[in-house]
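K.L.:
turn this into a structure:
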Amino acid sequence: MPDIHLSLPVLTPGATPIRHPDCCLSLSFKLLDVLTRIFTDSSSPTSSPSPSACILSVGSGSGLLEAALLAHPAASGRPRLTIEGVEVQQPPSQAPVNRYLPEPFHHTVRGTWDVSPRLNDHVLSELMFVYPRQPALVSRYVGATAEEKDGSSSIRTAVWLGPVADWDEFRPCFEGGGGSAFTVETRTGRDAGLEEFEMMAIMTR
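P.N.:
Okay, here's the model as predicted:
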């Protein structure tokens, strides 16, 4: 396990979600456990989970949630997650936004309109969006996963995390026609290990 830039908050089983200044989303041990199970279950739908499967977290910010997922213990018989954060490149005069993810697990794109080139890598199998700001960018990512040459996509699962009040604006991004459409399941509040005003949407193909 690589060294992490800053110390992670200690999350214990059964604890309530906590707010952290470096993350928009409330954090809890249950949230990490739920996400780990979702991503390891989806990494290989017909056999044992693949240790090479990778999650791309779009708009990873400080990288706190992603680093916590990297460090979270896997359930018995399951591999640890591999997760990579992507953020908008900062001007040289500004400090990098990422504060927790080691460099091998983080990269940048040119702007809020840009889609990560990692989508072309077939090792990538899941997407995660945490408090995204622009439905148009989410739609670009979802659409790009349906544009591969053989008509298929390595992306089988996407998870959206944010306020319940924002979901109606983002739901259409995942329910488009053609190969980009997902089946959507939602969990709210404590059922997902979040605050009551937050939710998790799980999209599968």
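
K.L.:
how many other residues sit next to the spatially closest residue to residue 110 that is not a sequence neighbour?
P.N.:
Excluding its sequence neighbours, the residue lying closest to residue 110 (CB to CB, 6 or more residues apart in numbering) is residue 89, at 6.1 Å. C-beta here means a position set from N, CA and C on the backbone, and glycine is covered the same way. By other CB atoms under 10 Å, 14 other residues sit near residue 89.

K.L.:
just residue 13 next, same as before
P.N.:
Other residues near residue 13 number 8, with proximity taken as other CB under 10 Å.

K.L.:
quick check: it vs residue 200, distance?
P.N.:
18 Å (CB to CB, to the nearest Å).

K.L.:
show the pLDDT at the residue of the chain most remote from its centre.
P.N.:
Within the chain, residue 93 marks the point farthest from the mean C-alpha position, 28.1 Å out by CA atoms, centre = their mean. What the model reports as pLDDT for residue 93 is 84.

K.L.:
give me the element it is part of.
P.N.:
Residue 93 is part of no helix or strand when elements are defined by DSSP states H and E.

K.L.:
the helices in this protein, which residues?
P.N.:
29-42, 64-71, 135-144, 167-174 (DSSP state H).

K.L.:
show me where pLDDT drops low in the chain?
P.N.:
The chain contains residues with pLDDT under 70 at 1-5, 42-53, 74-79, 146-153, 176-181.

K.L.:
point to the residue nearest the middle of it.
P.N.:
With distances taken as CA atoms, centre = their mean, residue 128 lies nearest the centre of the chain, 2.3 Å away.

K.L.:
now it. Nearest residue, chain neighbours left out?
P.N.:
Take residue 128 and drop its neighbours on the chain: the residue closest to it by CB to CB, 6+ apart is residue 57, 4.4 Å away.

K.L.:
who's that neighbour bridged to?
P.N.:
residue 85, residue 128 (DSSP bridges).

K.L.:
what about residue 30, distance to residue 73?
P.N.:
Plainly put, residue 30 is 14 Å away from residue 73 if you go by CB to CB.

K.L.:
residue 15 now?
P.N.:
Distance, residue 15 to residue 73, by CB to CB: 15 Å.

K.L.:
if we can go back for a sec, correct me, but the residue nearest to residue 110 touches residue 107?
P.N.:
No - applying CB atoms under 8 Å as the test, residue 89 and residue 107 come out as separate, 9.2 Å apart.

K.L.:
surely residue 156 meets residue 125?
P.N.:
Yes - if you go by CB under 8 Å, residue 156 and residue 125 touch, sitting 5.7 Å apart.

K.L.:
comparing the two, which residue is more hemmed in?
P.N.:
Legend: neighbour count by other CB under 10 Å for residue 156 and residue 125, higher for residue 125 (22 against 19).

K.L.:
I figured that one hits residue 56, correct?
P.N.:
No - taking contacts as CB under 8 Å, residue 125 lies outside contact range of residue 56: 9.2 Å.

K.L.:
what's the neighbour count on residue 54?
P.N.:
Residue neighbour count, defined by other CB under 10 Å, stands at 20 for residue 54.
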